[in-house]
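S.K.: structure for this input, please:
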Amino acid sequence: MLVWGIFIAVILIFLALDLGVFNRTPHIISTKEATKWTAIWVTISLLFSGVIYWLYSTSIIDNVDNLTPANATLKYITGYLIELSLSIDNIFVIAVIFTSFKIPLKYQHRVLFWGILGAIVFRALMIFFGVILIKKFSFTTYVFGAFLIFTAYRMLVSKDEEFHPKKSFIYRQIRKFVPITSHMNGEHFFVKMRHIKAATPLFIALIIIEFTDILFALDSIPAILAITSDPFLVFTSNIFAILGLRSMYFFLSNMLAKFHYLKYSLIVILTFVGIKLLLAHHYKFPEWFSLTVIAISLSAGVIVSLRSINKNKA
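M.R.: As a prediction, the model looks like this:
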């Protein structure tokens, strides 16, 4: 538990520095700044694989699955890449939510900051119960595997329908319990109007982002559990992917529509990890093979998308 406590404390320090020092004054995140922070978070996340190797080679962490240091490191990197790739759809939805509620660019970072705090709590709970289910009930792997393959199929055949946050179930429920105003009050989530406190668009966007993250986690948590059921590896890879999501949002939000073929990369990844879960009790895929499939799928999606863009320009 000491290792868990230190890791969570370090993450909280990072977040405190983020909001209290680096982004103390609301401002528009430029592409240059977003690129820099995306590179920083990806670098920190990959460097943490060295910490993983050290922890599992010194037996400081509770090694519940008796993993070798090299195997634990590969599982962490594979899990991190899965979570990062599956967050791409989440970025697109966040962009739609911000546009729908007309959230100014300089306040979007604040909403994402508090959204990530909530996401960490919800992901931790889902990971905890997901690991328990897989450990106690072996048939759960079949359920998760079938669910991921179904999700991939649904993604393949479904049409790209627009998401309308103001027509969503969550928005309608919020309106029943909380007065809502369309007026912004700086970076505040609530504003006092006469004798009541009303929620500003910032708060509504935050709540809807939280709930959409939970929905996306229903895919991503089973996906990473196909790689490993070690709770520390699942949690740390998830958290680093979430922490990099904010800067990646500002880096990719304007370019995401151009990478149309990444959708098929996600379909391949979800199908693969679904098959891996279905075969978990009969055949174990080597970690290098899983990592290779994910890396090739993402690379192919990016390359084909870029070629399509260049072809259209020509």
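S.K.: rest of the way, CA atoms for contacts and neighbours
M.R.: Will do.
S.K.: neighbours of residue 166, how many?
M.R.: Neighbour count of residue 166, defined by other CA atoms under 10 Å: 15.
S.K.: dump the residue contacts of it.
M.R.: 100, 172 (CA atoms under 8 Å, 6 or more residues apart in numbering).
S.K.: which elements pack onto the helix or strand of the chain with the lowest mean pLDDT?
M.R.: Ranked by mean pLDDT, DSSP states H and E, the helix or strand of the chain with the weakest confidence is helix 245-252, at a mean of 75. Judged by 3 or more CA pairs under 8 Å, 6 or more residues apart in numbering; DSSP states H and E, helix 245-252 is in contact with helix 31-58, helix 69-100, helix 105-136.
S.K.: deepest-packed of those helices, please.
M.R.: Most buried of those, by mean neighbour count (mean count of other CA atoms under 10 Å): helix 69-100, with a mean of 21.
S.K.: output the contacting helices and strands for that helix.
M.R.: helix 31-58, helix 201-225, helix 231-243, helix 245-252, helix 262-278, helix 287-313.
S.K.: now residue 198. Its backbone dihedrals?
M.R.: Phi and psi for residue 198, reported as degrees, to the nearest 10, are phi -110, psi 150.
S.K.: equivalent analysis for residue 184, please.
M.R.: phi -80, psi 150.
S.K.: okay, now it: neighbour count?
M.R.: For residue 184, using other CA under 10 Å, the count is 17.
S.K.: again, but for residue 303
M.R.: Burial of residue 303 is recorded as 14 neighbouring residues (other CA under 10 Å).
S.K.: same deal with residue 226?
M.R.: 23.
S.K.: ok, now which ones touch residue 169?
M.R.: Taking CA under 8 Å, 6+ apart, one finds nothing in contact with residue 169.
S.K.: likewise residue 9?
M.R.: Residue 9 neighbours (CA under 8 Å, 6+ apart): none.
S.K.: many thanks, have a good one.
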